[in-house]
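**Student:** fold the following for me, if possible:
(3 chains)
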Amino acid sequence: MSEKKNYYKQVYQVTREIPRGRVTTYGFIADYLALGSARMVGWALNNCGTESPAVPAHRVVNRKGELSGRVFFATPTLMQELLEAEGIVVENDRILNFKEVLWKPAYEEEED
DNA sequence: GTGATGACGCAGT
DNA sequence: GACTGCGCCATCA
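**Tutor:** Model (predicted):
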(Lines give C-alpha, C1' and ligand atoms only; values in the text may rest on other atoms or scores of the structure.)
Protein backbone atom coordinates (compact mmCIF):
# COMPACT_ATOMS: atom_id res chain seq x y z
CA MET A 1 0.00 0.00 0.00
CA SER A 2 2.13 2.87 1.32
CA GLU A 3 5.29 1.11 0.15
CA LYS A 4 3.91 1.00 -3.33
CA LYS A 5 3.54 4.79 -3.32
CA ASN A 6 7.03 5.22 -1.94
CA TYR A 7 8.10 6.69 -5.25
CA TYR A 8 5.71 9.53 -4.55
CA LYS A 9 7.80 10.35 -1.48
CA GLN A 10 10.89 10.28 -3.65
CA VAL A 11 9.40 13.00 -5.81
CA TYR A 12 8.40 15.05 -2.78
CA GLN A 13 11.89 14.67 -1.32
CA VAL A 14 13.63 15.92 -4.44
CA THR A 15 11.14 18.77 -4.76
CA ARG A 16 11.94 19.88 -1.20
CA GLU A 17 15.64 19.80 -2.07
CA ILE A 18 15.10 22.60 -4.56
CA PRO A 19 16.81 25.73 -3.15
CA ARG A 20 14.91 29.01 -2.94
CA GLY A 21 14.95 31.06 -6.11
CA ARG A 22 15.48 27.94 -8.21
CA VAL A 23 13.22 25.59 -10.15
CA THR A 24 13.46 22.15 -11.75
CA THR A 25 11.59 20.18 -14.38
CA TYR A 26 9.51 17.01 -14.34
CA GLY A 27 11.95 15.47 -16.80
CA PHE A 28 14.98 15.90 -14.53
CA ILE A 29 13.12 14.48 -11.53
CA ALA A 30 11.79 11.57 -13.59
CA ASP A 31 15.29 10.87 -14.85
CA TYR A 32 16.86 11.24 -11.41
CA LEU A 33 14.36 8.86 -9.83
CA ALA A 34 14.34 6.67 -12.96
CA LEU A 35 10.56 6.79 -13.07
CA GLY A 36 10.75 6.33 -16.82
CA SER A 37 8.16 8.98 -17.55
CA ALA A 38 7.75 12.61 -16.59
CA ARG A 39 4.02 11.95 -16.26
CA MET A 40 4.72 9.96 -13.10
CA VAL A 41 6.27 13.06 -11.53
CA GLY A 42 3.20 15.14 -12.31
CA TRP A 43 0.96 12.38 -11.05
CA ALA A 44 2.93 12.17 -7.81
CA LEU A 45 2.78 15.92 -7.32
CA ASN A 46 -0.96 15.67 -7.84
CA ASN A 47 -1.00 13.89 -4.48
CA CYS A 48 1.41 16.37 -2.89
CA GLY A 49 -1.60 18.12 -1.38
CA THR A 50 -2.12 15.08 0.83
CA GLU A 51 1.37 15.45 2.30
CA SER A 52 1.84 17.18 5.63
CA PRO A 53 4.91 19.39 4.90
CA ALA A 54 3.33 21.00 1.81
CA VAL A 55 5.67 20.22 -1.06
CA PRO A 56 6.91 23.35 -2.92
CA ALA A 57 5.44 22.12 -6.19
CA HIS A 58 5.53 25.69 -7.51
CA ARG A 59 9.25 25.15 -8.04
CA VAL A 60 8.52 22.32 -10.45
CA VAL A 61 7.72 23.20 -14.05
CA ASN A 62 7.72 21.40 -17.36
CA ARG A 63 10.69 21.27 -19.73
CA LYS A 64 9.68 24.51 -21.43
CA GLY A 65 9.58 26.33 -18.11
CA GLU A 66 5.81 26.65 -18.22
CA LEU A 67 3.73 26.81 -15.03
CA SER A 68 1.64 23.91 -16.28
CA GLY A 69 0.45 22.94 -12.81
CA ARG A 70 -0.68 26.38 -11.70
CA VAL A 71 -4.34 25.30 -11.98
CA PHE A 72 -3.75 22.76 -9.23
CA PHE A 73 -2.93 25.50 -6.71
CA ALA A 74 -5.40 27.41 -4.57
CA THR A 75 -5.48 30.03 -7.29
CA PRO A 76 -4.15 29.88 -10.89
CA THR A 77 -1.91 32.85 -10.11
CA LEU A 78 -0.55 31.59 -6.79
CA MET A 79 2.21 29.59 -8.48
CA GLN A 80 3.50 32.63 -10.35
CA GLU A 81 3.23 34.77 -7.22
CA LEU A 82 5.38 32.34 -5.26
CA LEU A 83 8.01 32.16 -8.00
CA GLU A 84 8.21 35.93 -8.36
CA ALA A 85 8.48 36.17 -4.58
CA GLU A 86 11.68 34.11 -4.86
CA GLY A 87 13.14 36.38 -7.49
CA ILE A 88 12.06 34.33 -10.50
CA VAL A 89 10.70 36.33 -13.41
CA VAL A 90 7.53 34.89 -14.91
CA GLU A 91 5.79 36.12 -18.05
CA ASN A 92 2.79 34.62 -19.81
CA ASP A 93 2.96 31.63 -17.41
CA ARG A 94 6.53 30.96 -18.52
CA ILE A 95 9.83 31.56 -16.73
CA LEU A 96 11.88 34.11 -18.66
CA ASN A 97 15.28 33.38 -17.09
CA PHE A 98 14.37 29.70 -16.97
CA LYS A 99 17.87 28.38 -17.68
CA GLU A 100 19.28 30.76 -15.09
CA VAL A 101 17.07 29.51 -12.27
CA LEU A 102 17.03 25.89 -13.41
CA TRP A 103 18.27 23.47 -10.77
CA LYS A 104 19.12 19.83 -11.34
CA PRO A 105 18.79 17.03 -8.74
CA ALA A 106 22.01 15.23 -7.74
CA TYR A 107 23.99 18.09 -9.25
CA GLU A 108 22.67 20.32 -6.45
CA GLU A 109 24.94 23.37 -6.41
CA GLU A 110 27.11 22.47 -9.38
CA GLU A 111 27.35 26.12 -10.35
CA ASP A 112 25.95 29.49 -9.49
C1' DG B 1 -9.28 -7.02 -17.37
C1' DT B 2 -9.97 -3.18 -20.79
C1' DG B 3 -10.30 1.65 -21.95
C1' DA B 4 -9.44 6.38 -21.03
C1' DT B 5 -6.95 10.11 -18.72
C1' DG B 6 -3.01 12.76 -17.03
C1' DA B 7 0.92 19.00 -13.18
C1' DC B 8 5.23 15.56 -19.75
C1' DG B 9 8.94 14.79 -23.40
C1' DC B 10 10.61 14.24 -27.88
C1' DA B 11 10.63 14.09 -33.04
C1' DG B 12 8.73 15.81 -37.05
C1' DT B 13 6.66 19.62 -39.73
C1' DG C 1 10.46 29.31 -32.51
C1' DA C 2 5.64 27.26 -32.27
C1' DC C 3 2.31 23.55 -33.05
C1' DT C 4 0.94 18.59 -33.76
C1' DG C 5 1.18 13.76 -33.09
C1' DC C 6 2.85 9.81 -30.69
C1' DG C 7 4.86 7.42 -26.67
C1' DC C 8 5.69 6.85 -21.55
C1' DC C 9 3.76 4.42 -17.10
C1' DA C 10 0.45 4.56 -13.26
C1' DT C 11 -4.21 5.35 -11.58
C1' DC C 12 -9.31 5.64 -12.09
C1' DA C 13 -13.99 4.28 -14.02
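**Student:** burial count for A:V41?
**Tutor:** 28 (other Cβ atoms under 10 Å). C-beta: built from backbone N, CA, C; applies to glycine.
**Student:** wait, it sits on A:I29?
**Tutor:** Yes: A:V41 lies in contact with A:I29 (Cβ atoms under 8 Å); the separation is 4.7 Å.
**Student:** which residues do these two both contact?
**Tutor:** Here A:V41 and A:I29 have A:11, A:35, A:60 as joint contacts, going by Cβ atoms under 8 Å, 6 or more residues apart in numbering.
**Student:** which residue is the nearest non-sequential neighbour of the first one?
**Tutor:** On the basis of Cβ to Cβ, 6 or more residues apart in numbering, the spatially nearest residue to A:V11 that is not a chain neighbour turns out to be A:A44, at 4.0 Å.
**Student:** go on, A:L82?
**Tutor:** A:H58 (4.3 Å).
**Student:** for the one you found, what are its contacts?
**Tutor:** A:67, A:73, A:78-79, A:82-83.
**Student:** can you put these in JSON lines and add neighbour count, pLDDT and distance to A:L96?
**Tutor:** JSON lines is the format used below for those (neighbours: other Cβ atoms under 10 Å; pLDDT from 0 to 100; distance: Cβ to Cβ, whole Å):
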{"residue": "A:L67", "neighbour count": "24", "pLDDT": "94", "distance to A:L96": "12"}
{"residue": "A:F73", "neighbour count": "17", "pLDDT": "91", "distance to A:L96": "20"}
{"residue": "A:L78", "neighbour count": "14", "pLDDT": "94", "distance to A:L96": "19"}
{"residue": "A:M79", "neighbour count": "24", "pLDDT": "94", "distance to A:L96": "15"}
{"residue": "A:L82", "neighbour count": "18", "pLDDT": "95", "distance to A:L96": "16"}
{"residue": "A:L83", "neighbour count": "21", "pLDDT": "95", "distance to A:L96": "11"}
